[in-house]
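> okay, structure incoming, though there's no sequence with it:
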C-alpha cells in the first residue's frame, strides 16, 4: 500500500558535548581534478546511538510501505530468517520512495551508460553510501596515470535497463573512505555527487547503534541491483532492482574478531540469491512512518556479511554531509528548551549554556525553510504567521547545532 503524502522528517538533535578524538580520518579522491587528499579525524561523541535525518524527495508523493511482519511467504528457507530476492516492482513502482533512493553504480564510455557494478543508497542531498571495495584505489590512494575518473555515475530507480525521465544518472565527484580500510575491514565509502540528486529521489538516514539487541530484534530491508548470481540460480543481469528483507542472525564483535569494524550478516544466505553487483547495498531499518536508517553495507557474499557502521564511521561521514540539509539525531534532548509548546503566538527559547548570538531556522514537515532569523540579544520568536502544524526549530550556536520540534496551534 502506498501513502500519498510527501513527508520529510528532519529530527535534528544536539550531539552530546562530551566527546573524544578518534582515528576516523578519511582519504579523499577528487574524480574531476584527479587529486587526492585526506580529512583529519573528527570527535566521536559518547552517545551509544545516533542517526541522520531522512527525506522523501520531490519526484512524486508516493511511498511504498515495506513489510513489517515475519515470517514472510517469500522466505528462502525455514532455517534462514531472510527472504529470497524478489523484483522491487512487486512492491510497487520503483519511482516511489524509498525504492527510488536506491542507486546502481556504473560508468559511461563510448557514449553509453553501463550500470550494475555495485549498489548504493542516497543518504543526503548529494551523498551515496556504498562499499569501498567497489572502487579500486589503494590506501593511500594513487591516481592512475591513464584513464578517466570523471565518467563514474550513479543512477536511481534502475529497472529493466531503463533510465526514468527525471531520475537521470549523475556523475560522482568525490570518494571518501576510512584510512583504516585495508581491503576488507572498514569497507565503507561515501560518494559525493556533482548535483543534489537526493532532492529529487529523497534519501534515508545513516546510523549506528552499540546495542546488539537492536539488530537481532528488528527486521531489516534491502534494495540492490545484482549483476550476476554467484550460483547462477537467479536471472540477474545488472539492469533490474531487487528487494529482500528479514532478520540478522550473525553479529561479529570487534573485540572477538580480526574483523574491524564489526560485521552483521545472515548465516547460510549464500544460496538465496546472492549476486555480484549488490556489494555496497544497505541493510536498513524502517517503521514506515518516522524512521528509515541504514546501519551497514554488503561486503562479503559469505554469510551475507555487511560492514556495520560504527560511531567512528558515522561521525566522520556525518561531518561531511552536515553541510547539506541532513543533520544528526541524538538521544540527548536536554540542551534546548522551547516553551510554551504548543503555542499560537510566541516561543521562548532557552539553552543549557545560554547564548547571545545564534542562527535560527524553522522547517515544516516537507523540509521547507519557513522562518529564518539571526538571534542577537533576545530569546523569543513570533510564529503567528505560521500555519497550524508540526515544525522543527534548529539553533546554531558557535558551530553547535541544537534542535527541537514544536506545534503551532
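Arrived safely. The structure displayed is predicted, hence computed values, not measured ones.
> next, the buried residues of the lengthiest strand in the chain.
When the chain is scanned for its longest strand (criterion: DSSP state E), the result is strand 112-124. By neighbour count, with 16 or more other CB atoms under 10 Å as the criterion, the buried positions of strand 112-124 are 113, 115, 116, 117, 118, 119, 120, 121, 122, 123, 124. Quick note: C-beta positions are derived from backbone N, CA and C, even for glycine.
> please apply the same query to stretch 274-291.
For stretch 274-291, the buried set under the neighbour-count rule, 16+ other CB under 10 Å, comprises 274-286, 291.
> show me the contacts for the residue minimising distance to the centre of the chain.
With distances taken as CA atoms, centre = their mean, residue 123 lies nearest the centre of the chain, 3.1 Å away. Contact partners of residue 123, counting by CB atoms under 8 Å, 6 or more residues apart in numbering, are 52, 129, 190, 203, 204, 205, 206, 294, 317, 321, 326.
> one more: residue 60?
Applying CB under 8 Å, 6+ apart, one finds that residue 60 lies in contact with 95, 96.
> what about the stretch 151-300 of the chain, any weak spots by pLDDT?
When residues are selected by pLDDT under 70, those of the stretch 151-300 of the chain lie in 183-184, 253-261.
> just the strands in it please.
152-156, 170-178, 189-193, 205-209, 219-224, 228-229, 242-247, 250-252, 263-265, 275-276, 282-286, 292-300 (DSSP state E, counting those that start in this stretch).
> out of the ones you listed, which gets nearest to residue 88?
For these, the distance to residue 88 is smallest for strand 242-247, at 4.5 Å, taking CB to CB.
> residue 70 is in contact with residue 221, isn't it?
No. Proximity of residue 70 to residue 221 does not meet the contact threshold set by CB atoms under 8 Å, at 11.8 Å.
> okay, these two: which has more neighbours?
More neighbours surround residue 221 than the other of residue 70 and residue 221, with 21 against 13 (other CB atoms under 10 Å).
> burial measure for the spatially closest residue to the more buried one that is not a sequence neighbour, as a count.
For residue 221, ignoring the flanking residues on the chain, the nearest one in space by CB to CB, 6 or more residues apart in numbering is residue 245 at 4.3 Å. Neighbouring residues of residue 245 were enumerated by other CB under 10 Å; the total is 21.
> wait, isn't residue 245 in contact with residue 84?
No. With contacts defined as CB under 8 Å, residue 245 does not count as touching residue 84, sitting 10.6 Å away.
> and stretch 86-106, how far out from the chain middle?
Computed by CA atoms, centre = their mean, to the nearest Å, the separation of stretch 86-106 from the middle of its chain amounts to 15 Å.
> ok, and for that stretch, which residues are buried?
88, 91-106.
> which SSE is residue 315 in?
Under the criterion DSSP states H and E, the helix or strand holding residue 315 is helix 311-321.
> can you list contacts of that helix?
The set of residues external to helix 311-321 that reach it, using CB under 8 Å, 6+ apart, is 22-26, 39, 41-45, 50, 52, 123-124, 127, 129, 176, 178, 186, 188, 190, 192, 206-208, 210, 261, 326, 328.
> the nearest residue to residue 31 once chain neighbours are set aside: neighbour count?
When the adjacent residues along the chain are set aside, residue 31 lies closest to residue 149, with 4.1 Å between them (CB to CB, 6+ apart). The criterion is other CB under 10 Å. On that basis, residue 149 has 19 neighbouring residues.
> name the element residue 149 belongs to?
No secondary structure element spans residue 149, as it lies outside all helices and strands (assigned by DSSP H and E).
> would you mind measuring from it to residue 195?
Counting by CB to CB, to the nearest Å, the gap between residue 149 and residue 195 amounts to 17 Å.
> what about the closest residue to residue 267 other than its chain neighbours, neighbour count?
If you skip the residues right next to it in sequence, residue 267 has residue 250 as its closest partner in space, 4.7 Å away by CB to CB, 6+ apart. Neighbour count for residue 250, taken as other CB under 10 Å: 17.
> what bridges to residue 250?
Beta-bridge pairing of residue 250 under DSSP bridges involves residue 265.
> measure it to residue 308 for me?
Distance of residue 250 to residue 308, computed by CB to CB: 11 Å.
> same deal with residue 286?
If you measure residue 286 against residue 308 using CB to CB, the figure is 18 Å.
> next: residue 136.
Between residue 136 and residue 308 the distance is 23 Å, computed by CB to CB.
> which among the strands of the stretch 151-300 of the chain is found nearest to residue 56?
It's strand 292-300; of the strands of the stretch 151-300 of the chain, that one is closest to residue 56 (CB to CB) at 9.1 Å.
> does residue 96 touch residue 61 like I think?
No. At 9.2 Å, residue 96 does not count as touching residue 61 under the criterion of CB under 8 Å.
> can you tell me the closest non-neighbouring residue to residue 119?
For residue 119, the spatially nearest residue (CB to CB, 6+ apart) is residue 281, at 3.8 Å.
> may I have the phi/psi pair for the one you found?
For residue 281, the backbone dihedrals are phi -70, psi 150 (criterion: degrees, to the nearest 10).
> domain ranges for the chain?
Taking automatic domain parsing as the criterion, the chain consists of the domains 2-329, 336-408.
> hey, which of these is tucked in deepest?
Looking across these with neighbours counted as mean count of other CB atoms under 10 Å, the highest average goes to domain 2-329: a mean of 20.
> nearest to residue 35, out of the strands of the stretch 151-300 of the chain?
Checking the strands of the stretch 151-300 of the chain against residue 35 by CB to CB gives strand 170-178 as the closest, at 9.8 Å.
> which elements pack onto the closest one?
Packing contacts for strand 170-178, counted by 3 or more CB pairs under 8 Å, 6 or more residues apart in numbering; DSSP states H and E, involve strand 26-30, strand 152-156, strand 189-193, helix 311-321.
> adjacent strands (with direction) for it?
Every partner of strand 170-178, by DSSP bridges, with its direction: strand 26-30 (antiparallel), strand 152-156 (antiparallel), strand 189-193 (antiparallel).
> ok, and what's touching the first one?
Pointing back at strand 26-30 there. Residues beyond strand 26-30 that count as contacts (CB under 8 Å, 6+ apart) turn out to be 35-39, 135, 137, 139-141, 143, 149, 173-179, 181, 316.
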